[in-house]
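In: Fold the stuff below for me.
(chains A and B)
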Amino acid sequence: MGMPKCAIEIENLSMEYPYGFLHLKKKKSLEDLTMSVEDGEVFGFLGPNGAGKSTTIKLLMGLIFPTGGTARILGKPIDDVSMHGSIGYLPEQPYFYDYLTAHEVLDYFARFHNLKGGDRAARVEAMLKKVGLDTAKKIQLRKYSKGMLQRVGLAQAILHDPQVVVLDEPMSGLDPLGRREVRDIILELKREGRTILFSTHVLSDAEMLCDRVGVIVGGKLRGIGAPGELVDMKAQGMEILFELSSAAASLPLLASATRTGDRYRVQLPEADLYPALDALKGTGARILAVTQIKPTLEEYFMHLVEADRAQANAVEVSGK
Amino acid sequence: MRNVQTVAANTFREAVRDRVLYNLVFFALLMIGTAILVGQVSIGIERDVIISLGLSAISVVGIFIAMFLGVALVSKEMDKRTLYALLAKPVKRWEFLLGKFFGLVMTLTVNTAAMAAGLYIALWSVERAWLASDIYILTAVYLILLKLALIVALALLFSCFTTPFLAVLFTAGMYVAGLLAGDLRTVHGVELDPSALRWMRGISYVLPNFENFNVMGAVVHGRGVPGTFVWQATLYAVLYTAIVLTGAAIVFSRRNLK
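Out: A predicted model of the protein is given here:
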């Protein structure tokens, strides 16, 4: 049997939470999620707070149980704990035993992965170094900052050379330097051929790191694909940046341009690009740049969130 | 079993670092105070007073630790979410639960042993002589420890499906009910419907009978405890604890974390 092509397969995964005094009411926090994460890819799970990202991750890790659907990691069902030996997990806002030092907590977790004596000590030391905690390893975690706890969390997640790494908001609570270090670690894990699934609401992180992203809003998957592909669906027009002396200011194109000193910036549909360039050529304008106007992932994301809110409002209004 | 051992060792370490064993200072002060006091009033019952006060303190302190820490074993890990990273390791939920149980039982054993040593020291400081029957203090302490293990298991079970506050309440309720289990069995002279009596008797057998572990009366008065009694109490505690822990594991295995 060969390696499974998909590291993570999710089919119609659903989760309902009971609430209210007698737990009679139910709230859906995840609805029929179907997606997969391929072997060796970095997959970003995007969505606003409360969208269902952490719920999905907790379901995958067996911390909560689905009310419907199934999921498999490395070909094994998620309730098979033995598969956890090949998975690393960083919980959201991780918290560890605060009476232990970073060294002790990693040593503790390493024991569950059957790492023995010298091997275990070496792995723990290497991880502490990797996440930049080797100078603070003898300090109890109760004295750690949020960012330092995040690093401990990351270290325990990758301690045992896992094939699949699941990180819930790995960048949260970190300063810019810390974020960069986490990004570097994620890229290093990718180079080593591991599969990484991470959730974030910081879109620039996802754009920078992910092969593919899935956008989840209101418990439903609203889009999935490469960051470029997703936003290409809404690719719109071109932008020309040029310099022009004020003498030739009679050009009709300039009416819609934004001016900063001698510099003009104008946006136009792709079909109008060449006629505009020709017109500019005649005026002696100096073209500085021609770029495609690409909506960022952020705009795409906001578009989906707003659509979801509008829908929720509509439902609320019609329900009244 | 290695996972259980790892969790247990860490639970013990937690108790030590959270200064749970500081209660021993209280116990030491109590024993010193009692020794001084009975030394002054000496009316021939010093030995009885010290043994009975010492064993009661060992029992009460132990019950408090077993109930409150027993409930906190799992609920604290869920509240603080320290459990998340752990359950994402190749650890089964029942292994975690069992590790927690043995960790606290280990803590209680050390604690109880230290208190028993304190009791013997107090006894020596007042009497300056040993009696052969003093050995039975150890039997009483052993039975207290069995009782504490059962309380920990009950606390663990309740904490698996309700809030910490209610879990403490339920555990305390079970303890009190368990002390009365023997009385329920031997109700006489009350005008009751036979079916109600049958029910009461049935319930009395289901409740944990904590009187099975109480030999204080005999030990204080220097009487021995029969070996069969100790054996039966041990068997009872092991079986009852195993059943309660199995129940806890079943509940916990399907529990959604926050």
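In: which residues of the chain score low on pLDDT?
Out: Picked chain A for this. Within chain A, the stretches with pLDDT under 70 are A:1-4, A:232-235, A:246-249, A:313-320.
In: Actually, chain B is the one I wanted.
Out: Checking chain B against pLDDT under 70 turns up B:39, B:42-43, B:188-190.
In: Which residues of it lie near chain A?
Out: Residues of chain B lying near chain A by Cβ under 8 Å from any Cβ of the partner chain: B:2-3, B:6, B:10, B:13-14, B:17-18, B:80-82, B:84-92, B:254, B:256-257. Placement of C-beta: from N, CA and C, glycine included.
In: Give me the buried subset of those.
Out: B:3, B:6, B:10, B:13-14, B:81-82, B:84-92, B:257 (16 or more other Cβ atoms under 10 Å in any protein chain shown).
In: In which helix or strand does residue A:177 reside?
Out: helix A:176-191 (DSSP states H and E).
In: what's the offset of that helix from the middle of its chain?
Out: In terms of Cα atoms, centre = their mean, to the nearest Å, the centre of helix A:176-191 is found 13 Å from the chain centre.
In: again with stretch A:257-268
Out: That offset, for stretch A:257-268, works out to 35 Å (Cα atoms, centre = their mean).
In: Name the residues that touch that stretch?
Out: With contact meaning Cβ atoms under 8 Å, 6 or more residues apart in numbering or on different chains, stretch A:257-268 is reached by A:237-246, A:253-254, A:256, A:276, A:285, A:288, A:293.
In: Kindly give a single ChimeraX line that selects the buried subset of those.
Out: The following ChimeraX line selects those of these that are buried, judged by 16+ other Cβ under 10 Å:
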select /A:238,239,240,241,242,244,253,254,276,285
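In: Just the ones of the contacts of stretch A:257-268 in strands?
Out: Judged by DSSP state E, these include A:238, A:239, A:240, A:241, A:242, A:243, A:288 as members of strands.
In: roughly how far apart are the fourth one and residue A:12?
Out: Distance, residue A:241 to residue A:12, using Cβ to Cβ, to the nearest Å: 48 Å.
In: Strands of the stretch 1-150 of chain A, start to end?
Out: Using DSSP state E, counting those that start in this stretch, the strands of the stretch 1-150 of chain A run over A:6-19, A:25-38, A:42-46, A:68-73, A:76-77, A:87-90.
In: ok so, going back, need the ones in strands among the contacts of stretch A:257-268 in CSV with distance to residue B:247, can you?
Out: Formatted as CSV, the ones in strands among the contacts of stretch A:257-268 follow (distance: Cβ to Cβ, whole Å):
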residue, distance to residue B:247
A:238, 69
A:239, 68
A:240, 74
A:241, 72
A:242, 78
A:243, 80
A:288, 75
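In: Also within reach of chain B: list those from the residues you listed.
Out: Counting by Cβ under 8 Å from any Cβ, no member of the ones in strands among the contacts of stretch A:257-268 is near chain B.
In: Quick check: of those residues, which lies closest to residue A:155?
Out: residue A:239 (44.1 Å; Cβ to Cβ).
In: Let me see the contact set for that closest one.
Out: By Cβ under 8 Å, 6+ apart, the neighbours of residue A:239 are A:265, A:266, A:267, A:268, A:289, A:290, A:291, A:292, A:293.
In: Show me what it bridges to in the sheet.
Out: Taking DSSP bridges, one obtains residue A:267, residue A:291 as the residues bridged to residue A:239.
In: Burial check on residue B:73, number of neighbours?
Out: Residues lying near residue B:73 (other Cβ atoms under 10 Å in any protein chain shown) number 24.
In: Is it correct that it is in contact with residue B:100?
Out: Yes. Between residue B:73 and residue B:100 there is a contact at 4.3 Å, judged by Cβ atoms under 8 Å.
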